[in-house]
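>>> Predicted coordinates and the sequence they were generated for:
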Amino acid sequence: MRAALLSFLFAPALVLSQDTTLLCKNLTALRTMERIAVDGVLDEAIWSTAPIGNEFVQNEPRPNEPAHFDSKVKVVYDDGALYVGAVLFDPFPDSVMMRLSGRDRIGITDWFGITLDPYESGRNGFEFITTAAGVQLDAIVANEEEDENWNAVWQSAARIVPEGWAVEMRIPYSAFRFPKAEEHVWSVQFLRLVGRTREKSFWNPIDPLKEGWLRQCGVLTGVHGVKAPLRLMLYPYASAYAQHFPQKDPAVNDWNSTFNGGMDVKLGLSDAYTLDMTLIPDFGQVVSDNVVLNLSPFEVQYNENRQFFTEGTELFQRGDIFYSRRIGGVPLLRDQLYADLQPGESVTEDPGVSKLLNATKISGRGRKGLGIGLLNAVTRATYGTITDSLGNTREVLTDPLTNYNVIVADQQLPNNGYVSLINTNVTRDGGTYDANCSALDFLLNNKARTIQGGGDLRISQQYGPGFHHDPGYSCTAGIEKTGGSLTYGAEYNAVSPDFDPNDLGFWQYTNFHGVEWGLNYTEYKPRSPWQRWGMTFAGEYLRALQPDHFFNFALELNTFRVLKGFNAFGGSVRAEPVLTYDPFEARVPGRLYEFPTNIQYVAWISTNYNKPYAVDLRCGYRRFYERDRKNLWANLEQRFRPNDRLFFILSSEHEFKDEDVGWVAFRNDDIILGRRDQWTTELGLEGSYTFTNRISLNADIRHYWSRAHYVDYHELLENGKLALTDYTGLNDDGSSKHDVDFDAFTLDLWLRWNFAPGSELTLGWKDNIFARENVVRQNYLENLNSTWASPGINSLSLKVLYFVDAASLLRKKRP
């Protein structure tokens, strides 16, 4: 092994120039005829003759300075894959950080990676990273943003060597897309992190003062006679569930079991475009939502955790009108289930989500920079069940058979610009309404990529028999200086009252227009005692559209400092120095609530994550110049890493809103707002124990407790001010109609075993308890015991997903 390593290290180097101010380095890949064992040893003969890429340059902590430790990289290839071999020098091999973690969760440890941009787009690519412990991370890069939800099937191995550590990768051509050519020229970047010093370096220098990190790649040449293979990958699965649903009727069994089977399919339609399908999908093992008590006029947006809708969906985010949680989400007519109740009847079955039948997406980007995305999904008709006192049942439609469709065309423009057109459509069976939303989105850069301007236009429509809703619009236009330490920009926004893309999107604020501006300075060059520091000054001026009225004016100052020991702190001040007017809280179009002047202070600290114990603390105070109204909050995260296998975070969040004002009721033509004291406490434990780089145990436990007690009520006047009212907010028995105590306790426990490339076995346990009542408790332990005594939903599950490279099997069967 020692002789092989010396041969690898002293092979000829091929670098365009030692001058790191040049834009591009070049590395030539060699074709190999011998089989390469991916074991991290680098003992094959081809490694001794392949050209070397070296002389890495820091990006952090000292941009544009040579890396402290040398790195030598080589690339070879055959008809099936690209191979990367690297030796990462370190004078103290026993200090190389080898923290184990689950796939795609590498954190701060020693790692090495490669980024490929086969179309030389400067905006899109594929990233493959391996840690010194052999943990893999892969991501698809879209518009220079990394999406780690994307998963490819590839091989890697790493091991400690006397010179530091070595890594070997095999990346099959089926794992990424590239254009047809006899001789390929691909943009490439090699990257490395030295965990204990947090030094991040790149083969081709990346200057943080220049816009576009993916445009600052080097070039890989020498790949001849390679064709994109047929990409046909099958992911059949089988799953089993045992679920406990507490029933009110003792005669009904609380436990039930289900068995499911289905398959995901990936098919390469060409070298650039891929078809993804999920047939009979099973999303029972997605993590629990962080449900909260929502007293605001706006819907809560939850994260998308279903892999089909998180992987390779970057094109569909153009225009900001697609929210995949609408597909298979809360039934459209769910409220009708309760509105139809007759005396003596009760709801005995209420499906909280609609059932997804299948979903298909096509995505990719051609040689000329045109990206195409098509997504289609179908949910079946959903019914709730109502039972009367005699046991008779009837079904009520809560969601009709629905087709969801998204179409995107995204054309890259010179200098990293783009123009995109996206359309979303929802078509429902029966007499309910349909919806359509279109968006045009563009970005332009000057040749030096120091100034950019862009904008968008969105139009929404809802239509159907006997249904009328005026079309609505939203538009944005802005300009920004992006290059250098000093950046600044301004943006104009306008949203009409009728704009509503929420049948397949997520949008909160409407009926306003205004401008936002910002000025930012960041110093990247370390100067004692700072590693890096920055400051931002921003502001906004908004007006309501209908009626035309002043809405908001705010100024904000932010700053942060990173010390040389990677401890950091910062803070902000935000002021609304004049009376503003809230057009949303009244829940009636055109009615405004006069919001008091206020000032908000935020401070935070973050200690070095390299240490076995680290802390993130964030505190805030908001003072309203009205009565004794104020908000206070504090968030504390304690990060523990006792060893390279165990890692967990203890989090606690506490918030108190004193005399917060919000809508409570309509009384005849009056709008009633209430003053409430609201306390919120959230405790969490998130942890993992990694047995090997293929087997890990992950846990996420959360208890959320929020309660609101109303102390006063007011009538909202036409001028937006509050007046006294005789509304008491009490029931006939003297209890409060509006006081609320809400608890959410969720537990997610997952044991994952990646038993083969692309294949996974997952054993899971989920426990969800949600409790809501009108009795506000003050004692935390008493409340927690009450929550645990409430009925909950338990789910035990086992799922096996197996990767089948069908294209490879077909090639083997050919004579």
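That came in fine, so what should we check first?
>>> As a check, name the ranges of all helices in this protein.
Under the criterion DSSP state H, helices of the chain are mapped to 2-9, 307-310, 334-339, 780-788, 806-813.
>>> where exactly do the strands run in the stretch 51-200 of the chain?
57-60, 71-77, 81-89, 111-117, 125-131, 136-142, 145-147, 155-161, 164-172, 183-194, 199-202 (DSSP state E, counting those that start in this stretch).
>>> Please identify the buried residues of the third one?
The one in question is strand 81-89. Within strand 81-89, the residues scored as buried using 16 or more other C-beta atoms under 10 Å are 81, 82, 83, 84, 85, 86, 87, 88, 89. Backbone N, C-alpha and C define where each C-beta goes, glycine included.
>>> can you tell me which of those lies nearest to residue 314?
Lowest distance from residue 314 to the buried residues of strand 81-89 (C-beta to C-beta) belongs to residue 82, with 22.6 Å.
>>> Residue 174 is in contact with the closest one, correct?
No: Residue 82 sits out of contact with residue 174 when judged by C-beta atoms under 8 Å, with a separation of 11.2 Å.
>>> Next up, the contacts around the nearest residue to residue 220 once chain neighbours are set aside.
In space, and not counting its chain neighbours, residue 220 is closest to residue 188: 4.0 Å by C-beta to C-beta, 6 or more residues apart in numbering. Taking C-beta atoms under 8 Å, 6 or more residues apart in numbering as the contact definition, residue 188 lies against 27, 75, 114, 115, 116, 117, 217, 218, 219, 220.
>>> how much space between residue 188 and residue 110?
The gap separating residue 188 from residue 110 is 21 Å, by C-beta to C-beta, to the nearest Å.
>>> Would you map the strands across the stretch 501-650 of the chain?
Counting by DSSP E, counting those that start in this stretch, one finds strands in the stretch 501-650 of the chain at the ranges 512-523, 530-544, 549-563, 568-576, 580-582, 593-595, 598-606, 613-624, 630-640, 646-667.
>>> report the angle between the axes of the longest one and strand 613-624?
I take that to be strand 646-667. Going by axes from the mean of the first three to the mean of the last three C-alpha atoms, to 10 degrees, strand 646-667 is angled at 20 degrees with respect to strand 613-624.
>>> Sheet partners, orientation included, of strand 646-667?
Using DSSP bridges, the strands paired with strand 646-667 are strand 630-640 (antiparallel), strand 670-690 (antiparallel).
>>> Ranking those strands by mean neighbour count, which comes first?
For the strands paired with strand 646-667, the stretch with the most neighbours on average is strand 670-690, a mean of 18; neighbours defined as mean count of other C-beta atoms under 10 Å.
>>> circling back: wait, which of the strands of the stretch 51-200 of the chain is closest to residue 716?
Using C-beta to C-beta as the criterion, the shortest distance between residue 716 and the strands of the stretch 51-200 of the chain is 42.4 Å, found for strand 145-147.
>>> ok, and what's touching that closest one?
Strand 145-147 has contacts (C-beta under 8 Å, 6+ apart) with 127, 139, 140, 141, 310, 311, 312, 313, 314.
>>> Can you list the strands that that strand pairs with?
In the sheet containing strand 145-147, the strands it pairs with under DSSP bridges are strand 136-142 (antiparallel).
>>> quick check, distance from the partner strand to the centre of its chain.
Taking the mean of its C-alpha atoms, strand 136-142 sits 13 Å from the chain's own mean (C-alpha atoms, centre = their mean, to the nearest Å).
>>> Then stretch 634-649?
When C-alpha coordinates are averaged (C-alpha atoms, centre = their mean), stretch 634-649 and its chain have centres 21 Å apart.
>>> That stretch - what's its average pLDDT?
For stretch 634-649, mean pLDDT is 96.
>>> Could I get the CA-only coordinates of it as CSV?
Backbone C-alpha positions of stretch 634-649 (Å, rounded to 0.1, in the frame of the first residue of the first chain) are rendered in CSV as follows:
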residue,chain,number,x,y,z
ALA,A,634,-35.3,33.1,24.6
ASN,A,635,-34.1,30.0,22.6
LEU,A,636,-31.3,27.8,23.9
GLU,A,637,-29.8,24.9,22.0
GLN,A,638,-27.1,22.8,23.7
ARG,A,639,-25.1,20.5,21.4
PHE,A,640,-23.4,17.4,22.8
ARG,A,641,-20.9,15.2,21.0
PRO,A,642,-19.4,12.8,23.7
ASN,A,643,-17.7,10.7,21.0
ASP,A,644,-17.6,10.2,17.2
ARG,A,645,-20.8,8.1,17.2
LEU,A,646,-23.2,9.9,19.5
PHE,A,647,-24.6,13.4,18.9
PHE,A,648,-27.6,15.1,20.4
ILE,A,649,-29.2,18.5,20.8
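>>> circling back: any chance of the buried residues of strand 81-89 in CSV with distance to residue 517 as columns?
Listed next are these as CSV, based on distance: C-beta to C-beta, whole Å:
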residue, distance to residue 517
81, 50
82, 46
83, 50
84, 45
85, 50
86, 45
87, 49
88, 44
89, 47
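>>> which among the contacts of strand 145-147 gets closest to residue 746?
Proximity of these to residue 746, judged by C-beta to C-beta, is greatest for residue 310, which lies at 19.6 Å.
>>> if I look at the spatially closest residue to that closest one that is not a sequence neighbour, how far off is residue 308?
Distances taken as C-beta to C-beta, 6+ apart put residue 149 closest to residue 310, at 3.8 Å, once the chain neighbours are dropped. Applying C-beta to C-beta, the value for residue 149 to residue 308 is 10 Å.
>>> And the two? Which one has more around it.
Each of residue 149 and residue 308 had its neighbours counted (other C-beta atoms under 10 Å), and the higher figure belongs to residue 308 (22 against 17).
>>> Now do the more buried one against residue 509, distance only.
Note on residue 308: its distance to residue 509, by C-beta to C-beta, is 30 Å.
>>> Touching, residue 795 and residue 242? I think so.
Yes: the pair residue 795 and residue 242 passes the contact test of C-beta under 8 Å, sitting 7.5 Å apart.
>>> Settle it for me: which of the two has more neighbours?
Shown here are residue 795 and residue 242; by other C-beta under 10 Å, residue 795 has more neighbours (17 against 13).
>>> per-residue pLDDT, residue 4?
pLDDT for residue 4: 51.
>>> Thought residue 388 was touching residue 342, still the case?
Yes: assessed by C-beta under 8 Å, residue 342 is found in contact with residue 388 at 7.4 Å.
>>> Look at these two and report which has more neighbours.
Using other C-beta under 10 Å, the more surrounded residue of residue 342 and residue 388 is residue 388, with 15 against 8.
>>> if I pick residue 546, what's in contact with it?
Contacts of residue 546 (C-beta under 8 Å, 6+ apart): 497, 511, 589, 590.
>>> still on that earlier bit, how near is the residue nearest to residue 220 to residue 291?
Applying C-beta to C-beta, the value for residue 188 to residue 291 is 44 Å.
>>> avg pLDDT for stretch 750-769?
Here the mean pLDDT over stretch 750-769 is 94, rounded to a whole number.
>>> how about the closest residue in space to residue 303 that isn't next to it in sequence, phi and psi?
Taking C-beta to C-beta, 6+ apart, and ignoring the residues beside it in sequence, residue 303 has residue 289 as its nearest neighbour in space, at 7.5 Å. Taking degrees, to the nearest 10, you get phi -70, psi 150 for the backbone angles of residue 289.
>>> Next up, the contacts around residue 289.
For residue 289, the contacting residues are 302, 303, 746, by C-beta under 8 Å, 6+ apart.
>>> can you check residue 377 too?
Contacts for residue 377 were tallied using C-beta under 8 Å, 6+ apart; they are 327, 328, 356, 358, 359, 360, 403, 404.
>>> Could you single out the nearest of these to residue 789?
residue 328 (31.7 Å).
>>> Tell me how far that closest one lies from residue 379.
Residue 328 sits 6 Å away from residue 379, taking C-beta to C-beta as the criterion.
>>> what's the answer for residue 770, then?
Here the criterion is C-beta to C-beta. By it, residue 770 lies 24 Å from residue 379.
>>> ok, the two, which is more surrounded?
More crowded of residue 770 and residue 379, by other C-beta under 10 Å: residue 379, with 24 against 16.
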